[in-house]
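Novice: pasting the sequence and the predicted model now:
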Amino acid sequence: MNPLLATIVFVAGILGLFFLDRDAKARTSKALCIPVVWILINGSRPVSTWFQSGPTIAQTDLGTEGSPFDATIYLILIALALVVLARRSRRVGQFLRANLPILLFFSYCALSLVWADYPFVAFKRWIKAVGDLAMILIVLTDADPLAATKRLYARGAFVLLPLSVLFIKYYPDLGRSYNPWTWMPMYSGVTTYKNLLGMVCLVFGLGSVWSFIEAYEERRMPHRMRHLVAHGVVIVMAIWLFVTADSMTSLSCFVMAGAVMVASTGRWVEKRTGLVHIMIATVVALSIGALFLDTGGFLVSSLGRNVTLTGRKDIWKAVLSIHINPFLGAGFESFWVGSRLERMWNMTAKGINEAHNGYLETFLNLGWVGLALLAGLIATGYRNVLAVFRSDPHAGRLRLGFFTAALIYSLTEAGFRMMGSIWTAFLLAILAVPPGLLRRERPKKSRLGEAPVALPVESSTAVQECF
């Protein structure tokens, strides 16, 4: 097919997905467009690279510079987000008071700027990290947070995944590249690297699995088949992209997290949340066993990977040989800059800028203190996930999926790195809902499709605070 004709077909298909998934009854704030733009940028590539006529320019500044144009775009989005949150100050205050462990983690990240080699570079990255939190707060403080969450991930999926297919098949200069070490073709879609494409498919694919489950369960949902078709198409595209990009880590996480979401639909699970502990523990233990305890490498090799996890073990050995303060780390997002980055390139390969393990990445940047705070985030976050699941199994199901995916994805990728799609999804999953708002996160609806029960939300104030 001619690329121009293919573009017309795909654009029509994207519009068709939006049409099929429309919900005239859902009322979300216009401010939702801010986090939508944020996730579209972070789920693809920096805005400045879209204006390059050739391949993405290789990194030569040792991680200390960035694009002023991109920095301006991020600054504008963050400023707009803060304006919205200021107008919702009462609800935002409730969320912040209910999430002190997250505030403590971000505060320690800010404190670590003091001992970073390049404090101003680290400060700019911290501001962007705060932007991640601000975007999630816009979603969760919406008058209808559940509808806002669904629209956020649906809009991201309907744009990023079809465009990735289009780029790979019809625009190879944009969607394909060559591995600089093996010269084998890599498929990156709208992103800049195949692993990033896998992460995008993982997060937005799980979002569509969540919406598909809802439409499947609600037998009397208006236009139910339209929603099933729209999200079914996205799931098929995500699987095709996983396989095409050879992103086995993301595909494995998608299968396991998706299985947790599907298994949690049973009423026997909703009534016995202790079974959720078993499911989470099982997938985490299976992942750890396959990656670190399978000495023969049988499980890993069955996914087309070698016992070194495609060189990851060599990277882990190399980063641990670099001297840093073990208690405090190198400073927020500061390990992969300057002389350390240059030394790592000499020890491994030029272009590497992460440890390919989220827990190790946290240790390198924030030391044992940061790792302990991350463990606290995971523990309290899991408690928050279960609290939402008990109150509203449908809302909790997405949180379960994102939480599970982040835990196992971070075993072989830097999943807790700021501004990544998986990190943003992890934040959404672990944020506690204030007790006064917990039971009104979703209007209660009967299984027989009866009208929603009115909830005691301060309706006039809530709507005024939306934007």
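Specialist: Right, received. Where do you want to start? Small disclaimer: the values here were computed from a predicted structure and weren't measured.

Novice: so D144 touches A26, yeah?
Specialist: Yes. Assessed by Cβ atoms under 8 Å, D144 is found in contact with A26 at 6.5 Å. For the C-beta atoms, the positions are set from N, CA and C on the backbone; glycine is no exception.

Novice: of these two, which one has the most company?
Specialist: D144 (21 against 12; other Cβ atoms under 10 Å).

Novice: quick check: the gap between the more buried one and N365.
Specialist: 37 Å (Cβ to Cβ, to the nearest Å).

Novice: so, low pLDDT: which residues of this structure?
Specialist: The chain contains residues with pLDDT under 70 at 52-66, 179-183, 293-310, 436, 438-467.

Novice: what ranges does the stretch 101-250 of the chain have for its helices?
Specialist: 119-140, 145-170, 172-175, 194-217, 224-245, 248-263 (DSSP state H, counting those that start in this stretch).

Novice: out of those helices, indicate the one that is most buried.
Specialist: Sort the helices of the stretch 101-250 of the chain by mean neighbour count, taking mean count of other Cβ atoms under 10 Å, and helix 194-217 sits at the top with a mean of 25.

Novice: what angle do it and helix 248-263 make?
Specialist: Helix 194-217 and helix 248-263 are oriented at 10 degrees to each other (axes from the mean of the first three to the mean of the last three Cα atoms, to 10 degrees).

Novice: and the angle for helix 194-217 with helix 224-245?
Specialist: Computed by the same axes, to 10 degrees, the angle separating helix 194-217 from helix 224-245 equals 160 degrees.

Novice: on contacts alone, who are the packing partners of helix 194-217?
Specialist: helix 145-170, strand 185-187, helix 224-245, helix 248-263, helix 393-409, helix 421-430 (3 or more Cβ pairs under 8 Å, 6 or more residues apart in numbering; DSSP states H and E).

Novice: from the contact counts, what lies against the longest helix along the chain?
Specialist: Longest helix in the chain by number of residues (criterion: DSSP state H): helix 358-391. In terms of contacts (3+ Cβ pairs under 8 Å, 6+ apart), helix 358-391 is packed against helix 100-111, helix 274-288, helix 312-320, helix 393-409, helix 421-430, helix 435-438.

Novice: that helix: how far from the chain's middle?
Specialist: Relative to the mean C-alpha coordinate of its chain, helix 358-391 is positioned 15 Å out (Cα atoms, centre = their mean, to the nearest Å).

Novice: between that helix and helix 312-320, how big is the angle?
Specialist: In terms of direction (the same axes, to 10 degrees), helix 358-391 departs from helix 312-320 by 110 degrees.

Novice: just the buried residues of helix 358-391, please?
Specialist: Within helix 358-391, the residues scored as buried using 16 or more other Cβ atoms under 10 Å are 358-367, 369-371, 373-374, 377-378, 380-382, 384-389.

Novice: how about stretch 421-437?
Specialist: For stretch 421-437, the neighbour count (16+ other Cβ under 10 Å) marks 421-433, 437 as buried.

Novice: same question, stretch 28-40
Specialist: Buried residues in stretch 28-40, counted by 16+ other Cβ under 10 Å: 28-29, 31-32, 34-40.

Novice: what residues are up against R397?
Specialist: Contacts for R397 (Cβ atoms under 8 Å, 6 or more residues apart in numbering) come out as 210, 213, 261, 264-265, 389.

Novice: re the thing from before, what is the nearest of the buried residues of stretch 421-437 to T72?
Specialist: T72 lies nearest to T424 out of the buried residues of stretch 421-437, by Cβ to Cβ, at 20.9 Å.

Novice: among the buried residues of stretch 28-40, which lie within helices?
Specialist: Of the buried residues of stretch 28-40, the ones assigned to helices by DSSP H are 34-40.

Novice: how far away is the residue nearest to S264 when sequence neighbours are not counted from A143?
Specialist: What sits nearest to S264 in space, not counting adjacent residues and going by Cβ to Cβ, 6 or more residues apart in numbering, is R397, at 5.4 Å. R397 is 22 Å from A143, where distance means Cβ to Cβ.

Novice: how many other residues sit next to K313?
Specialist: 15.

Novice: hang on, I meant P185
Specialist: 12.

Novice: was I right to think it contacts R176?
Specialist: Yes. With contact defined as Cβ under 8 Å, P185 reaches R176; the gap is 5.8 Å.

Novice: ok so, going back, biggest separation within the contacts of R397, which pair?
Specialist: Greatest spatial distance among the contacts of R397 (Cβ to Cβ): I213 and F389, at 13.6 Å.

Novice: re earlier: which one of the buried residues of stretch 421-437 is nearest to L291?
Specialist: Among these, and counting by Cβ to Cβ, the member closest to L291 is I422, at 17.0 Å.
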